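Novice: Could you look at this predicted model? Sequence included:
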Amino acid sequence: MKEKPFSAYSIVTNIIMILVVVMVVLPFLLLFSSSLTEENTLVAYGYSFFPRKFSAASYGYILQSGKLILKAYGVSILITALGTLLHVLLAALMAYPLAIKNLPGRNILSFYVFFTMLFNGGIVPSYLMWSGTFHIKDTLFAQLLPNLLLSAWNVMMIRTYFTTSIPDALYEAAEIDGASQFTIFSKIVLPLGKPILVTMGTFAGLGYWNDWTNFVEGEDDGNYKYHQNSGWSLGNQFQSYVWNNGTKDKDYWNKLQHHNDWAQYSPAYGFMWDASNYQTQITALQNALETYRPALETGSVGGAANVESTLKALNDALYAAGLQEVMDAKQAQLDEWLTNNGGATKTPENNLKTIAGGEGVVKN
Amino acid sequence: MAKEKSKSSNSAWAKFKRYLPLYLMFLPGGIYLFINNYIPMAGIIVAFKNYNARQGIWKSAWAGFKNFQFLFATPDAWVITRNTILYNVAFIIVNTLLGIIFAIFICDCVNEKLKKTYQSAILFPYLMSAVILGYIVFAFLSQSTGIVNNTILPALGLEPVDWYSQSKYWPFILIFVNTWKGVGYGTLIYISAINGIDPSLYEAAELDSATKWQKIKFITLPFLEPTIITLTLMSVGRIFYSDFGLFYQVPRNSGLLYSTTNVIDTYVYRGLMNSGNVGMSAAAGFYQSIVGFIIVLSANAIVRKFSKENAMF
């Protein structure tokens, strides 16, 4: 539906579309110019469309890891190209039968496709199946196969396009001429369906390009060489020298150790609170706390005058979420535990035994 | 009689033979969906279990509907359900309307270069992750460094606004941001649908000296109807879900905004972030799916009543 170039309609629509383009591009421009602005200037003067002080440090930071990035791009391009091609082919093959109005069982097949858009079993079963049954972990297939190879959404979109934009008469004529379904598919349906296939290919490609959940390089606990629980390399204060400016004894650590050994255990030492029956309240409490905590911690409640009222609001929200119930339950559990476990305050002698016993356990 | 029977079985065979290639075409995708989607669906039973990692999914004890409680028995239940539904309804309406309008405008553009520019520009934000989107919005709305408070509002002689603590602005901000990011998707689909319309229809209308609006009303919109219905039905199926990135990253998880930004997904995330309760998060997902499922079945039944052609199944 082409319009004459200078009709009022075409001028108005073009102006609107140009405004839309500007609205789309401006934020990216802002992002780009901030990426070229020096960090301190950004903090001091705020974001602006023209860098106050130019700096390409952010890009230098990215390019530091040059080789790795090149390799990553190679993998991404390969996977995206291959995945998109397969995705479009599979989806078109699947959508075509669904577009034939008198195909027996068409509704059941459509439902079979649509159902997968609503329900899923979550990441864990999916991971167990792909890695356990199909052994695709640590291969390129791990990026290609799970989830992205076919999308029910895209199949339904292609099907809708086929039903509306390819006239039934075309199929019938081709069938009368003795063309097989595969010929009709490749000679009529695919060429006529090009607009939607290109669109869906774009989205499938984006899916592959932006994907980060299908992790390829096979790092797991079996071959992972860097461990962050590096406590063994750091030692502790009791093994180090006393940082002495003359105020501490040379045997400061020994004294501290002795002091610690004589500390009294809490009467509740060893008590574990079983919250499994209160998950509902705890979830609500967590949300209530998150609502006010960051504002209170950072002092952004709108002035000192509002601190008290915000605290009150937090408390009200916590009690409304069932704080009293949870506290009562925890207290009841603690009381019960105390009656069963004697509630005897551990004596320092017991402490020393515990420590000795503890070491024994470690040695065994 | 015998002849009759053999004839009817012959025709059944002929029918099967005629449609066999079509079933074969469906097969590869069908197998893929079975493996990738249907087999892992067994994991849904976690929602009814007291999940214990050591015992695994199957051996964990049954919990009945206990995992679902937290979605209803909280003071926030009403807010998160209301927010989720209202935002989704707004998104569906705004994105459909604007998508169709932009698609018609773009398809009417005579200049091929401009057309290509519009088409790629409008899809551009769709490519972005929610984290980056959050930063872009922050660059505009930040209290002290944002371009709105720093440049735009002073230029208009207005006081700066503390955007991240005023919940009343957020329905508009979120709808705007969602449209900005997502309208390109629908636009592109509607463009491909319009491109599939037979140009001779417009030429005939031209000869009858139809107005622009008449052409849109009697040719374009009826042709877009199936696409609109399919897209809307599919969005309705996910009406209890929400774009987690949009509702979590863009308001920067600011507690003061929860009354207008908290949706089921963010509530579940915040509530379970620390406890990591697998059963409860599975229950939330199952609840979202089942409600969407019921709504979509009813919507589809209504569509089927009015136009059988356009129903999804």
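Specialist: Noted; the coordinates are in hand. Residues are numbered from 1 along each chain as shown, chains lettered A, B, ... in the order given.
Novice: Pull the contacting residues for B:Tyr287.
Specialist: By CB atoms under 8 Å, 6 or more residues apart in numbering or on different chains, the residues touching B:Tyr287 are B:68, B:71, B:240. Every residue, glycine included, has its C-beta placed from N, CA and C.
Novice: Neighbours of the residue nearest to the last one when sequence neighbours are not counted, how many?
Specialist: Just to be clear, that refers to B:Phe240. Leaving aside its sequence neighbours, B:Phe240 sits nearest to B:Gln288 (CB to CB, 6 or more residues apart in numbering or on different chains; 4.0 Å). Counted with other CB atoms under 10 Å in any protein chain shown, the neighbours of B:Gln288 add up to 22.
Novice: A:Leu148 now?
Specialist: For A:Leu148, the neighbour count with other CB under 10 Å is 21.
Novice: quick revisit: please determine how far the residue nearest to B:Phe240 is located from A:Asp335.
Specialist: Per CB to CB, to the nearest Å, B:Gln288 is found 40 Å from A:Asp335.
Novice: before we move on, the earlier item: of all the contacts of B:Tyr287, which comes closest to B:Arg82?
Specialist: Among the contacts of B:Tyr287, B:Phe240 lies closest to B:Arg82 (CB to CB), at 11.8 Å.
Novice: how about the strands in chain B?
Specialist: For chain B, applying DSSP state E gives strands covering B:49-50, B:61-62.
Novice: of all the ones you listed, which lies closest to chain A?
Specialist: Nearest to chain A, of all these, is strand B:49-50, at 7.1 Å by CB to the nearest CB.
Novice: Is chain A within reach of that closest one?
Specialist: Yes - interface with chain A: strand B:49-50 contributes B:Asn50 (CB under 8 Å from any CB of the partner chain).
Novice: next one: stretch B:72-83
Specialist: Yes - judged by CB under 8 Å from any CB, stretch B:72-83 comes into contact with chain A through B:73-76.
Novice: That stretch: end-to-end distance?
Specialist: Counting by CA to CA, to the nearest Å, you get 15 Å between the two ends of stretch B:72-83.
Novice: and it, which residues are buried?
Specialist: For stretch B:72-83, a neighbour-count test (16 or more other CB atoms under 10 Å in any protein chain shown) marks B:74, B:76, B:79-81, B:83 as buried.
Novice: For A:Tyr9, state which of the residues you listed is nearest.
Specialist: B:Asn83 (39.0 Å).
Novice: List the contacts of the closest one.
Specialist: By CB under 8 Å, 6+ apart, the neighbours of B:Asn83 are B:260-263.
Novice: ditto for A:Ser309
Specialist: A:Ser309 makes contact with no residue, according to CB under 8 Å, 6+ apart.
Novice: try the one 5 residues further on
Specialist: Going by CB under 8 Å, 6+ apart, A:Leu314 touches A:288-289, A:291-293, A:296.
Novice: please redo it, this time with the cut-off set to 6 Å
Specialist: Neighbour list for A:Leu314: A:Tyr292 [criterion: CB atoms under 6 Å, 6 or more residues apart in numbering or on different chains].
Novice: where's it relative to A:Ala320, distance?
Specialist: In this view, A:Leu314 and A:Ala320 are 11 Å apart by CB to CB.
Novice: Contact residues of the stretch 101-250 of chain A facing chain B?
Specialist: Within the stretch 101-250 of chain A, the positions near chain B by CB under 6 Å from any CB of the partner chain are A:103, A:107, A:110-111, A:114, A:116, A:118-119, A:121-122, A:125-126, A:129, A:149-150, A:156, A:160, A:164-165, A:181-182, A:195-196, A:199.
Novice: Filter the residues you listed down to just the ones in helices.
Specialist: Residues of these located in helices (DSSP state H): A:107, A:110-111, A:114, A:116, A:118, A:125-126, A:156, A:160, A:164-165, A:181-182, A:195-196, A:199.
Novice: Buried ones among the residues you listed?
Specialist: By 16+ other CB under 10 Å, these give A:110, A:114, A:116, A:118, A:125-126, A:156, A:160, A:164-165, A:181, A:195-196, A:199 as buried.
Novice: Relative to chain A, how far out is B:Ala301?
Specialist: 12 Å (CB to the nearest CB, to the nearest Å).
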